[in-house]
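[1] fold the stuff below for me.
(6 chains)
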4 protein chains.
Amino acid sequence: MKKDKLSRKEREQLQRRAEILQAALELFSQKGYHNVSMHEIAVRAEFAVGTLYKFFKNKEELYKEILMQTAMLFYSALSKALEEKGDEYARVKNFLKTKCKLFMENILSVRLYFSVSGAGVSFNVRRGLETELRSFYDQLIQKLAAVFEKGIQKKIFRPLDPYYLALALDSISNAFLFCWMENPDRHPVDTDLIEEIFFERIYLVHR
Amino acid sequence: MKKDKLSRKEREQLQRRAEILQAALELFSQKGYHNVSMHEIAVRAEFAVGTLYKFFKNKEELYKEILMQTAMLFYSALSKALEEKGDEYARVKNFLKTKCKLFMENILSVRLYFSVSGAGVSFNVRRGLETELRSFYDQLIQKLAAVFEKGIQKKIFRPLDPYYLALALDSISNAFLFCWMENPDRHPVDTDLIEEIFFERIYLVHR
Amino acid sequence: MKKDKLSRKEREQLQRRAEILQAALELFSQKGYHNVSMHEIAVRAEFAVGTLYKFFKNKEELYKEILMQTAMLFYSALSKALEEKGDEYARVKNFLKTKCKLFMENILSVRLYFSVSGAGVSFNVRRGLETELRSFYDQLIQKLAAVFEKGIQKKIFRPLDPYYLALALDSISNAFLFCWMENPDRHPVDTDLIEEIFFERIYLVHR
Amino acid sequence: MKKDKLSRKEREQLQRRAEILQAALELFSQKGYHNVSMHEIAVRAEFAVGTLYKFFKNKEELYKEILMQTAMLFYSALSKALEEKGDEYARVKNFLKTKCKLFMENILSVRLYFSVSGAGVSFNVRRGLETELRSFYDQLIQKLAAVFEKGIQKKIFRPLDPYYLALALDSISNAFLFCWMENPDRHPVDTDLIEEIFFERIYLVHR
DNA sequence: AATGAATGAGCGTTCATTCAT
DNA sequence: CATGAATGAACGCTCATTCAT
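    Numbers count the residues shown, from 1 in each chain, chains lettered A, B, ... in the order given. As a prediction, this is how the structure comes out:
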């Protein structure tokens, strides 16, 4: 076994784990947590039920794992996007572009995510997870708000409440992205459009 | 039986039906569809389980009924709001004010509604319902978009895509309303704020 | 509904409950707690599985109920036997006779009982029950010991430790009863034999 | 391979087998057959699960083996005790002393044994084992009875039914031993007490 | 020979739904 | 017409056993 490298066995294990997660993601995002049985996941993942329980303590843990993976992926990618070089305008543009990319590449996870933390509605998951997801979301909005605040100080943006600005940008981009993704033909995803609408004409101070 | 008038029996039936719906709404919005049993609903509504099945074919129909009622209430109230007298600006303001009022008065239904159709995610309900709800939503957005279009023609609003404008207003108002409702103390619902932010300073053409 | 009388429905319910208990007793005493499934009990009782859960919270409660019923039946009958009129000798004889009768009439329960509290061995039942059963047993032995003590004071019995005397009588009678019950032909149950052996010739003071 | 001598490999195998049996005994006697998994035994014995199956056909065989070992140990030791030199009185005293010693030294096995064959109750084990254990027990009682018979002929013991005498001695000694073992402080194991109570004062003919 | 990951039958339990009363 | 006891399919999960390595 070479150092810094996983053994073949370990690699295979990770692969299997990923296959289970993928099968579960597909089913959960299609039919919802309660309408998918462990048996069903096992069949799709081509494993026996018992094998699922070797990788995940129970159904809920499997569900949590999927959601947390997505949440962390988005959180880290979007946090990073907000720290890129350039002025605040560039950072927000970068945030938006990254978000679009993540949405399109992770549409299943996104749908699943919104079914849980979607609109402040809880249940489905027995406490805790939802709180954790909410926390990721809040931190991200705060970071975005901080960028807006700095931009407002620098007179790059109009002097609006930065928190509501962040909330607005986030909710509008969600709405547009879902709109585009539901009708990929009629509404091709167009980050430039978002940029144009939200920056050039609306939020930016007239130069 | 006289026309336009319900017999005592019919009135009682409607009353019972409404009581069941109310009990179910409270439970569903609190604990989620799958975590509420028909028995539980029956107990809260003070009926026998069998009685529930006299009024609703099955659990799902009961659920659908609640959601459709909410959808229709919102649809008709908001459609009407968009047809009020006054110019397009007044109509959109009216739409917004009515929406806030509806949200606050029907918070349980709203939470339930968003857990289903939240972000284009479709489950809990086996096909159909979601499509129907979506249709109500789309029609409303179209009506709002038509008002924006007229307003743009009249130079009341800036020349932006009216559909995206409608989508944006709707999603931002949702986000703000949920934000306010989650922290009623820190974020008191303030329709004037929405009006100020979205009309006076953003969407309206500078006069 | 007449006072002091159960309604037909209540009587039927008690009957059903008793049928389930009987079916469970037969199976548990034959195959042991862990080798009997709720489905099996349901089939033998000619009910659906769900019905069992209407009467008993879960499998363990059903098991407990059987054991506690037996324990209380034995406890009350044997306590009463020790309080009958007559001298201490008569009381102990009465105890013995009652015990033989109870054993023969409740052989299934007795077998089940001994498989749990049998020989100081615990498990099978998750704590609590075993302690409770043990307590019933201990109280009975104490009562028997008290009778022996009184008898010793009155010089009816030899001056031996009354607690050990009680323990001895109990264990010997158990052994004989099981021996007789296993070979009902070769060893017909004979309370007179126990009486003769244990009282006339062994424990009684020579007169 | 030399006769009468085990190769290193064979010795190692026996050692492993014994280690597995010991681990299983500890767990079974602590938690009961059904509450111990093969995995658990494997972990305690520090072997892989598969290895357990190299030594024992299945879980039940492993269980049987433990019980049969105990049964044979007790059978041979107690049989031998009954054949010691000296008169019948000495033999029975020896039986009793040996039994006490065996109980105390093998308390785990004893508890396990009594949970199975405790009071003629037969389960946990699917037929067969119980019969076999019963047979060992019966043979031992027969041997003890034979000693009593001889002693009665020699007028060492009172003229009671030797079989019931054997049964009585066995059951009383069991009861006392369990009583002592459950409260080792309040009831120290005292073979002299048994001897005094059952021989000097009760079963022995007055000399 | 030893391993332990994978298996899947079978468990206890729930709850939407029915139907005799 | 209202009732609620009865139903049984389906669930999540466990663990004795196997077999490729």
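[2] so how many other residues sit close to the residue in chain A that DNA strand E sits nearest to?
    For chain A and DNA strand E, the shortest gap (CB to the nearest atom of the strand) falls at A:Gly50, measuring 1.6 Å. Any C-beta I mention is one placed from the backbone N, CA and C, and that applies to glycine too. By the criterion of other CB atoms under 10 Å in any protein chain shown, A:Gly50 has 9 neighbours.
[3] just the element for it, please.
    Per DSSP states H and E, A:Gly50 falls inside helix A:49-55.
[4] just checking, next helix/strand downstream of that helix?
    Counting by DSSP H and E, what follows helix A:49-55 is helix A:59-82.
[5] do you have the helices of chain A handy? List them.
    In chain A, the segments counted as helices under DSSP state H are A:8-31, A:38-45, A:49-55, A:59-82, A:88-105, A:107-117, A:129-153, A:162-182, A:191-195.
[6] in the third one, which residues are buried?
    Going by neighbour count (16 or more other CB atoms under 10 Å in any protein chain shown), the buried part of helix A:49-55 is A:52, A:55.
[7] what's that helix in contact with?
    A:16-17, A:20, A:38-39, A:41-42, A:45, A:62 (CB atoms under 8 Å, 6 or more residues apart in numbering or on different chains).
[8] likewise for the fourth one?
    Identification of contacts with helix A:59-82 by CB under 8 Å, 6+ apart yields A:20-21, A:24-25, A:28, A:33, A:38, A:41, A:52, A:55-56, A:91-92, A:94-95, A:97-99, A:102, A:106, A:109-110, A:112-113, A:116, A:125-126, A:129, A:132-133, A:136-137, A:139-140, A:143-144, A:147.
[9] could you give me the ChimeraX syntax to select whichever of these are buried?
    In ChimeraX, a selection of the buried entries from those looks like this (16+ other CB under 10 Å):
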select /A:20,21,24,25,28,33,38,41,52,55,56,91,92,94,95,98,99,102,106,109,110,112,113,116,125,129,132,133,136,137,140,143,144,147
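[10] which pLDDT value belongs to the residue nearest the centre of chain A?
    Residue closest to the average C-alpha location in chain A (CA atoms, centre = their mean): A:Phe74, at 4.3 Å. Listed pLDDT for A:Phe74 reads 95.
[11] over to the one 4 residues further on?
    Per-residue confidence for A:Leu78 comes out at a pLDDT of 97.
[12] now swap in A:Lys155 and tell me
    A:Lys155 is given a pLDDT of 84.
[13] that one: neighbour count?
    Residues contacting A:Lys155 under the criterion other CB under 10 Å number 10.
[14] how far away is it from D:Leu27?
    In this view, A:Lys155 and D:Leu27 are 74 Å apart by CB to CB, to the nearest Å.
[15] and for A:Glu10?
    Distance of A:Glu10 to D:Leu27, given as CB to CB: 31 Å.
[16] who has more neighbours, these two?
    Using other CB under 10 Å as the criterion, A:Glu10 and D:Leu27 rank with D:Leu27 on top: 20 against 11.
[17] check contacts around that one.
    Contacts for D:Leu27 (CB under 8 Å, 6+ apart) come out as D:36, D:40-41, D:44.
[18] switch those residues over to TSV; also include pLDDT.
    Shown next, in TSV, are the contacts of D:Leu27 (pLDDT from 0 to 100):
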residue	pLDDT
D:Val36	95
D:Glu40	97
D:Ile41	98
D:Arg44	97
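[19] from these, which would you call buried?
    Among the contacts of D:Leu27, those scoring as buried are D:36, D:41, D:44 (criterion: 16+ other CB under 10 Å).
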